[in-house]
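Asks: predicted model, plus sequence, below.
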Amino acid sequence: MRSSFDDPLQLRAVNAHVFCSRLFWLEYVAGEFVDNAHTLEGSHVHRRVDKPGGAMPAPHTPDESAENEGDDPWHTRSLWLSDDTSGLTGKLDLVDLVDEGRVMPVDTKKGKPTRDGELWEADRAQLTLQALLLKAHGYRVESIAAWYHGSRQRVVEVLTPEMETWALGHAMSARHTRSLEKPPAPLVDSPKCRGCSLNVVCLPDEVNALTGGGAHEEGEIRRVLVPDHDAVPVYVTESGTRIGLKQNMLKITPRRGSDMEPAEVGLGAMSQLNLMGGVQITTQAMQALLRRDVPVSFFSYGGFYYGRTQSATSRNVKVRIAQFKQAESPVALDIARTLIADKLYNARVFLRRHLPQGPESKRVLRKLTRIRKKAEKAESAEQLLGYEGEGARQYWSHFNALVQADDEAWAMQGRNRRPPRDPVNAMLSFGYALLVKDAQLAVEAAGLDAYLGVYHTAHHGRPSMALDLMEPFRRLIVDSAVYLMVRRGEVSPEHFVRSGQAVAMKTHARKALIAAYERRMTESVIHPLFGYAISYRRIIAVQARLLARVLTGEIEEMPNFRTR
Amino acid sequence: MTSTKVRLFIITYDITDDKRLRRVFEYLKQWGQHVQYSVFACALGPTSLATVKTELDALIHHDDDQVLFFDLGAEASRAQRAIDYLGVPFGPKQRKAIVL
Ligand code: SF4
């Protein structure tokens, strides 16, 4: 895991280090990698130069060889070089023979040169080190060049001894950064962050705000860099439905006798696929989904969440090591306290918004505040569990009254599950299963192991960390969706079936609930700490990343999520 | 600078070979709405846009074919206003979860 100071250092990594030492650390020490627009373009531009070709002649034997006759100047592509003395290693895109045994490394870069038409610093450092590698192998190098694909322009610079010293200095400090246990602090207000491939992982402004770096005023944080989702979730809720692949589309065929319409959904336009009950899916379709990195989650017909497929997980091993180290530590308890306190806080907000004003509502709101304050000081997970339960009793009896209003059909027998015994509980359980699924996606994208929590104990097959993360959101997303559905008459008692004690939702209720849940997840809310408006789904993703940072020690306290 | 917003793109193409034409059509179908012959409307964020460009690039012949991307702006606001039609109505599809 730990690399020694002298391990070979890749030139590409030095390039990243010159750009931002934190980027270097995240990518080369923690192993984070995110495909984004920039890296995709980068690899696209590189594809053409990556085909090896042209033998490299020995040094001091200029282009007299037969294969370099005619107008085609000699060059070689995709050449790996290492040098034990300097400990550098790297791939050279292209080496041009200038003349009389002098060669010039040429690197292909996406984008354009600097405004002054020069090499970017990071590129200059990388190319200078390439030149040094070539020199170490006996070649004469007097200039370096980059081909900027964006402006289709070659920029050549003369190599000077000052440049060499400078570039070696950068290699040195990259080695130093590599030996750090924690990543360097994020850049402050840097325009680099916007184009940085790891900004989603790094969260520069959020981390700076929480650690005091960069001294942001409240509300001054730039909009979060996590991109909007352009793709949408897809849910298939009817047993017997078959899913196959046709070109790049999923072909969804209802079972015979169903009144569901057949459908075709494009792989590119979907962000996740959720299958409920006995849905058949072909291997071809599964493979295509894995290739596109679309997670497929499985639920029972009644909405029990089984788990999901995973193609490539985030590779941040450091996060997982920290997570396991911190399990049952004071840090874990700290996080748990924040999550449960936020849960109680948001429960109170929910009741405050919906309960009719009066002495009774005042009483319960006061009580919830008191319990929340106690929870904030809980000294053990058991104590916390106690306060959580106390708060839940208060909350559920009032939620019950709210949702029931004057229609007995919506009466709850408290909060019950497995199996739910009334329609409202059936909807709540189903909604929480949807939320676990999204919380698990967020937790895993942040590099955490979903099955080891900070609060929920590890039970077989229970994604404890996802359950932890979603605590502050249950009331705001699921309870609120269920309440509004009932209030607005989007479901009615005949949309449920009772068998014995258990109550289950019929197709209409399930579909309506999923739609209501999704509306809530895409709704924009103001992040109470950072002041920008983003959807609940993205907030959960951000909270998951921040939680991971608390575990690794970069941020001291788990930031709250409390609505107003 | 890359926007983190989803933008609406009108993608049109002129492909000189029938087999490739078919492939480009089948490829684009997964990303959005087929509007007219050789015209798609796709709401794409930066990563998807880069993916589409990269993957289409591998499908076409550079000397004979052409694909154009027209950026109509942030999908939610500007793009809706940028489109007008005569004849059969057209409006970009709302993006929301598909529940079947
Ligand atoms: S987002 Fe900014 S601070 Fe973070 S790694 Fe990238 S460039 Fe560095």
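Replies: Great, that's in hand. Residues are numbered from 1 along each chain as shown, chains lettered A, B, ... in the order given.

Asks: look up how far chain B lies from residue A:539.
Replies: Remark: distance between residue A:539 and chain B (C-beta to the nearest C-beta, to the nearest Å) = 15 Å. All C-beta atoms are positioned from the backbone trio N, CA, C, and that covers glycine.

Asks: now do the contacts for that residue.
Replies: Listed by C-beta atoms under 8 Å, 6 or more residues apart in numbering or on different chains, the contact set of residue A:539 reads A:525, A:527, A:561.

Asks: for the residues you listed, which one is nearest residue A:398?
Replies: Among those, residue A:561 lies closest to residue A:398 (C-beta to C-beta), at 21.8 Å.

Asks: just give the nearest non-adjacent residue to that closest one, would you?
Replies: Nearest non-adjacent residue to residue A:561, counting by C-beta to C-beta, 6 or more residues apart in numbering or on different chains: residue A:472, 4.7 Å away.

Asks: isn't the one you found up against residue A:339?
Replies: Yes - using C-beta atoms under 8 Å, residue A:472 is in contact with residue A:339, at 6.0 Å.

Asks: just to revisit the earlier point, in JSON lines, list the contacts of residue A:539 along with secondary structure and pLDDT.
Replies: JSON lines is the format used below for these (DSSP: H, G, I helix; E, B strand; the rest coil; pLDDT from 0 to 100):
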{"residue": "A:525", "secondary structure": "strand", "pLDDT": "85"}
{"residue": "A:527", "secondary structure": "coil", "pLDDT": "78"}
{"residue": "A:561", "secondary structure": "coil", "pLDDT": "87"}
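
Asks: closest one of those residues to residue B:25?
Replies: Nearest to residue B:25 among the contacts of residue A:539: residue A:525, at 39.6 Å, using C-beta to C-beta.

Asks: skip the chain neighbours and tell me the closest residue to the closest one.
Replies: The shortest distance from residue A:525 to any non-neighbouring residue, by C-beta to C-beta, 6+ apart, is to residue A:536 (6.3 Å).

Asks: pick out the residue of chain B closest to chain A.
Replies: Distances between chain B and chain A by C-beta to the nearest C-beta are smallest at residue B:30, namely 3.1 Å.

Asks: what's in contact with the helix or strand bottoming out on mean pLDDT in chain B?
Replies: Least confident helix or strand, chain B: helix B:80-82 with a mean of 77, by mean pLDDT, DSSP states H and E. Applying C-beta under 8 Å, 6+ apart, the external contacts of helix B:80-82 come out as B:8, B:72, B:73, B:91, B:92.

Asks: now, the most widely separated pair of those?
Replies: Most distant of those, by C-beta to C-beta, are B:73 and B:91, 15.3 Å apart.

Asks: can you verify my assumption that residue A:234 contacts residue A:264?
Replies: No - between residue A:234 and residue A:264 no contact is recorded; they are 11.2 Å apart, counting by C-beta under 8 Å.

Asks: now do the shared contacts for the two.
Replies: residue A:250.

Asks: returning to what we had before: parallel or antiparallel, list what pairs with whichever helix or strand comes after the least confident helix or strand of chain B.
Replies: Using DSSP states H and E, the helix or strand that follows helix B:80-82 towards the C-terminus is strand B:98-99. If you go by DSSP bridges, strand B:98-99 pairs up with strand A:232-236 (parallel).

Asks: need the contact partners of the partner strand.
Replies: So strand A:232-236 is contacted by A:243, A:250, A:252, A:265, A:269-276, A:279, A:514, A:518, B:95-100 (C-beta under 8 Å, 6+ apart).

Asks: recalculate using a threshold of 7 Å.
Replies: Strand A:232-236 has contacts (C-beta atoms under 7 Å, 6 or more residues apart in numbering or on different chains) with A:243, A:252, A:265, A:269-276, A:279, A:514, A:518, B:95-100.

Asks: right, and the helix or strand after that strand?
Replies: The first helix or strand that comes after strand A:232-236 along the chain, using DSSP H and E, is strand A:242-246.

Asks: in that next one, what's buried?
Replies: Across strand A:242-246, burial judged by 16 or more other C-beta atoms under 10 Å in any protein chain shown covers A:242, A:243, A:245.

Asks: among those residues, which are in reach of chain B?
Replies: Among those, none lies close to chain B by the criterion of C-beta under 7 Å from any C-beta of the partner chain.
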